[in-house]
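*Asks:* Generate a structure from the sequence data that follows.
(one chain, ligands or ions: 2)
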Amino acid sequence: MNHTGIIRTATITGIAAALSLAAIAPALAHPLSNPLAAAPASDPVTTVADLDGDGEIETVTAQLTSATDQVISATVNGAFTSIHLPADGSVPLEAPRVTDLNGDGRAELIVTQSVGANTTFFTALHFDGRNLSQVVDNDSKPLSVAEGGGVAAHLGYQCTPLNGGGRTFETVAAEADDVSAAQLTYSGTRTVYTLRDGALTTQDTQTITNRPVTDPILGTDAATCAQTGS
Ligand SMILES: [Ca+2]
Ligand SMILES: [Ca+2]
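*Replies:* Ligands and ions are numbered 1, 2, ... in the order given. Presented below is the predicted three-dimensional model:
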């Protein structure tokens, strides 16, 4: 179990490293352009979310401050809050996705951190009543969740309603057992979390073994995490 987990983690890290190289390539293709100088001039992008769950929507703004940094900001009940996060200045900045990962009526924001050819990496923000801060995982580290993976991997997240209210937040990280197979199957892990006060707690870790992508255990419909009414 642990042995398998280490292999999976190492391979996903390998994907991330490969993506980083891919991100550098476009910059090298245009030696006269300076992404560090150009990035701050890009326009901010906005979305709306009910961060404090009072039924009034707030405007959430994301702005690149350099090729590798963005600032996410909002004003809630007249109080301004902002937080800096890594960004991928090689692609147009996307507004955060407005989600409610625990179904408590207060929005969490899924923020793009890096973009590769097939895989996008995100982190999440929550509003603690005063400030925006990063959602942390079971190890108190900022959440990192991937989406995509192309043919070689199946990566994503989903939310599932709980009986009696609320939602679980689930991440899927699986790899193709054989990319040349006529019918692709994937193996990996589906992790089921609950979120409270900005911290995720692992409720269940499901092992995925040789499953076709149509299997519900591989289900990753990000839209299921949307904040209702926003
Ligand atoms: Ca509000
Ligand atoms: Ca929430």
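*Asks:* Please count neighbours and contacts with C-alpha atoms only from this point.
*Replies:* Noted.
*Asks:* Contact residues of this protein facing ligand 2?
*Replies:* 100, 102, 104, 106-107 (CA under 5 Å from the ion).
*Asks:* what's across from residue 136 in the sheet?
*Replies:* residue 142, residue 199 (DSSP bridges).
*Asks:* Any quick PyMOL command for the buried ones out of the residues of the chain next to ligand 2?
*Replies:* Only the buried entries of the residues of the chain next to ligand 2 go into this PyMOL selection, using 16 or more other CA atoms under 10 Å:
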select buried, resi 100+102+106+107
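*Asks:* Now go through the residues of the chain next to ligand 2 and say which are in helices.
*Replies:* Applying DSSP state H to those, no entry is found in helices.
*Asks:* Please identify which of the residues of the chain next to ligand 2 is nearest to residue 192.
*Replies:* Set against residue 192, the nearest of the residues of the chain next to ligand 2 by CA to CA is residue 102 (11.6 Å).
*Asks:* Grab the nearest non-local neighbour of that closest one.
*Replies:* residue 167 (4.6 Å; CA to CA, 6 or more residues apart in numbering).
*Asks:* Please name the residues that touch the one you found.
*Replies:* By CA atoms under 8 Å, 6 or more residues apart in numbering, the residues touching residue 167 are 101-103, 159-161, 194.
*Asks:* list the buried ones in stretch 59-76?
*Replies:* In stretch 59-76, counting by 16+ other CA under 10 Å, buried: 60-76.
*Asks:* And stretch 44-60, by the same measure?
*Replies:* For stretch 44-60, by 16+ other CA under 10 Å, it's 44-52, 57-58, 60.
*Asks:* what about residue 144, neighbour count?
*Replies:* Neighbour count for residue 144, taken as other CA atoms under 10 Å: 17.
*Asks:* cool, residue 90 as well?
*Replies:* So residue 90, with other CA under 10 Å, has 18 neighbours.
*Asks:* Is it in contact with residue 67, as I believe?
*Replies:* Yes - using CA atoms under 8 Å, residue 90 is in contact with residue 67, at 7.1 Å.
*Asks:* Could I get the phi/psi values of residue 105?
*Replies:* Dihedral pair for residue 105: phi 90, psi -10, per degrees, to the nearest 10.
*Asks:* and the closest residue to residue 197 other than its chain neighbours, how many residues sit next to it?
*Replies:* Of all residues not flanking residue 197 in the chain, residue 128 sits nearest, at 7.0 Å (CA to CA, 6+ apart). Using other CA under 10 Å, the number of residues around residue 128 comes to 14.
*Asks:* gap between residue 128 and residue 202?
*Replies:* Residue 128 is 20 Å from residue 202, where distance means CA to CA, to the nearest Å.
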